[in-house]
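> 3D model of this:
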Amino acid sequence: MAKAKTSITTENRSGSAADAAAKEQRTEMPLSDLHPFEGHPFKVLDDELMEQTVESIKQIGVVSPLIVRPDPEGGFEILSRHRRLHAAQLAGLETVPVIVKEMDDDAAIIFMVDSNLQRENILPSERAFSYKMKLEAMKHQGERSDLQPETTSRQLGEKLQTSVAVMSEEMGESQRQIQRFIRLTNLIPEILDMVDEKKIAFNPAVELSYLKPSEQKEFLEAMDYAQASPSLSQAQRLKKLSQEGGCTLDAMCEVMNEIKKDELDHVTIKNEVLRKYFPKSYTPKQMQDTIIRLLEKWQRSKQRDMER
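Got it, this is the predicted structure:
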């Protein structure tokens, strides 16, 4: 059976209004005509939020249209609301509302990044690759518009800093923080997933991004050996070892096996361990008071033993 072509209709208008309408229209489009933006960094997860979105679509449909652009190779490329497409598929819809925009590749990347970063709960990996993609697109736009053959490397560097400064203003993020997020794109996927899952904190992850890919793979072994995530100081030491050419598996295991300062300052006892020694009716405050009294009694007993 031949695939039906998407039909886009517009009102009969004249002059520039008709031209503008032709470039940006709302219509119903078959899901089969749509595909994700190539290389987009945003994860589409079948999580609780997706389940809620699917239920909402089943009840009231897709209210906010997807933003798409024509793909020269066929169909339409999604610029914004990839999650809604997946939810519509799960909900059993055959068509969704879209707005069609005409954009070149660089403009499309910038629009895709800006639109998707408005979501809540953006993962570190999503933000990292979004910033990198947008910066590359902005640099490319600048090169096309005003790059001359005699442009020097110093001028290119200045253009890069200008792009970062513009991004900083638009994103409400410091230039340094943007560059630190972009550093995360140097992490191997396994470590970057751990950053998304909050198994490795952001600041240590930035330091780990300076390790070579082979060193990062061995770091995973060292982390598993120590059964611990790296502190900032440990990650900084691993970075220095890498720069000095001494970042071996044994060296990383030694660093990761060290007792962290915060572990020296704190003693943590899990609630389920304590609960078996106290009545169920005891509050945390009552448990704490009882523990302190028993420790004081134990301390007095030890002092008497020493005085004998």
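
> Could you use CA atoms for every contact and neighbour count after this?
Fine.

> where does the stretch 51-200 of the chain have low pLDDT?
Regions of the stretch 51-200 of the chain meeting the criterion pLDDT under 70 cover residues 142-161.

> Quick one: the strands in it, in order.
66-70, 76-80, 95-101 (DSSP state E, counting those that start in this stretch).

> helices or strands up against the longest one?
Other helices and strands packing on strand 95-101, by 3 or more CA pairs under 8 Å, 6 or more residues apart in numbering; DSSP states H and E, are strand 24-30, strand 66-70.

> For residue 185, give me its contacts.
By CA atoms under 8 Å, 6 or more residues apart in numbering, the residues touching residue 185 are 125, 128-129, 209.

> measure it to residue 195 for me?
11 Å (CA to CA, to the nearest Å).

> Which residues are in contact with each of those two?
With CA under 8 Å, 6+ apart, residue 185 and residue 195 have common neighbours residue 125.

> coming back round to it: for the strands of the stretch 51-200 of the chain, which one sits closest to residue 232?
For the strands of the stretch 51-200 of the chain, the distance to residue 232 is smallest for strand 76-80, at 35.6 Å, taking CA to CA.

> okay, the angle between that closest one and strand 24-30?
On the basis of axes from the mean of the first three to the mean of the last three CA atoms, to 10 degrees, strand 76-80 is oriented at 120 degrees to strand 24-30.

> strand partners of strand 76-80, parallel vs antiparallel please.
Strand 76-80 has the following strand partners under DSSP bridges: strand 34-36 (parallel), strand 66-70 (antiparallel).

> now residue 85: how far from residue 105?
Taking CA to CA, one finds residue 85 at 21 Å from residue 105.

> Ok, residue 140 next?
The value you get for residue 140 to residue 105, if CA to CA is used, is 10 Å.

> swap in residue 235?
Relative to residue 105, and taking CA to CA, residue 235 is found at 37 Å.

> Same drill for these two, tell me which one is more crowded.
residue 235 (24 against 11; other CA atoms under 10 Å).

> Could you report the neighbour count for the closest residue to that one other than its chain neighbours?
Among residues not flanking residue 235 along the chain, residue 204 sits closest, at 5.3 Å (CA to CA, 6 or more residues apart in numbering). Per other CA under 10 Å, the neighbour tally for residue 204 reads 20.

> I appreciate the help and will end here.
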